[in-house]
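**Student:** need coordinates for the below:
(2 chains)
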Amino acid sequence: AQKITQTQPGMFVQEKEAVTLDCTYDTSDPSYGLFWYKQPSSGEMIFLIYQGSYDQQNATEGRYSLNFQKARKSANLVISASQLGDSAMYFCAMSIQFTGNQFYFGTGTSLTVIP
Amino acid sequence: NAGVTQTPKFQVLKTGQSMTLQCAQDMNHNSMYWYRQDPGMGLRLIYYSASEGTTDKGEVPNGYNVSRLNKREFSLRLESAAPSQTSVYFCASSEARGITYEQFFGPGTRLTVL
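**Tutor:** Residues are numbered from 1 along each chain as shown, chains lettered A, B, ... in the order given. Okay, the predicted model is just below:
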């Protein structure tokens, strides 16, 4: 069975510091994609970053980078230079190529940025 | 482009009432999804439609029905609402990204069943 695990229910980070949000996944399929979404208090789901299972390099999108360790089945999100607007829920998700385009979500991490 | 739209944004029902949540996307995506989000549970898939004319159950389908009306629209129906169905409901559609698919989400519907 496919599974996403986020073990940090809540995290705090000082403004301007970097923070790492953990995500591990479990699948036996070789072809998959890993995603991070941000959900602010307003409720919408905002796409942040994507990593394909065959990508050789870690994905980066501005202040977001994905630390992809395939052997460990981890896909941690790194946010550099945290801002107050980064306070939100963060969800890790996985899409498997051969399962009808379904998404599997983790339970999320609540990040609070402290001024 | 409006992306994925959902109506209504908020709804309060009494136990036993029925209602339909509407979802539409203007991105010409084949696949559409309905999720529910409960505190501490992340998003759980209720039903999905891989293409027009097909629907399949997800992780938590009990108490719900869906209709893929056409390529743009995918509705979720609660025939007899129960307090356990109090949740935030998200509709999504998907597009290819890399070797798999990215999902685009609607703004959500906050449903309370009394």
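**Student:** near chain A, which residues of chain B?
**Tutor:** Chain B comes close to chain A at residues B:31, B:33, B:40-45, B:48, B:50, B:56, B:58, B:88, B:90, B:92, B:94, B:97-105, B:107-108, B:110, as judged by CB under 8 Å from any CB of the partner chain. The way it works is simple: take the backbone N, C-alpha and C, and place the C-beta from them, glycine included.
**Student:** of those residues, buried ones?
**Tutor:** B:31, B:33, B:42-45, B:48, B:50, B:58, B:88, B:90, B:92, B:94, B:98-105, B:107-108, B:110 (16 or more other CB atoms under 10 Å in any protein chain shown).
**Student:** show me the residues around residue 23 that make contact.
**Tutor:** Using chain A. Residues in contact with residue A:23 (CB atoms under 8 Å, 6 or more residues apart in numbering or on different chains) are A:4, A:5, A:6, A:34, A:36, A:74, A:75, A:76, A:77, A:92, A:106.
**Student:** sorry, I should have been clearer: chain B.
**Tutor:** B:4, B:5, B:6, B:32, B:34, B:73, B:74, B:75, B:76, B:91, B:106.
**Student:** swap the cut-off to 6 Å and go again
**Tutor:** B:6, B:74, B:91 (CB atoms under 6 Å, 6 or more residues apart in numbering or on different chains).
**Student:** same thing with residue A:97?
**Tutor:** Residue A:97 neighbours (CB under 6 Å, 6+ apart): A:31, B:99, B:100.
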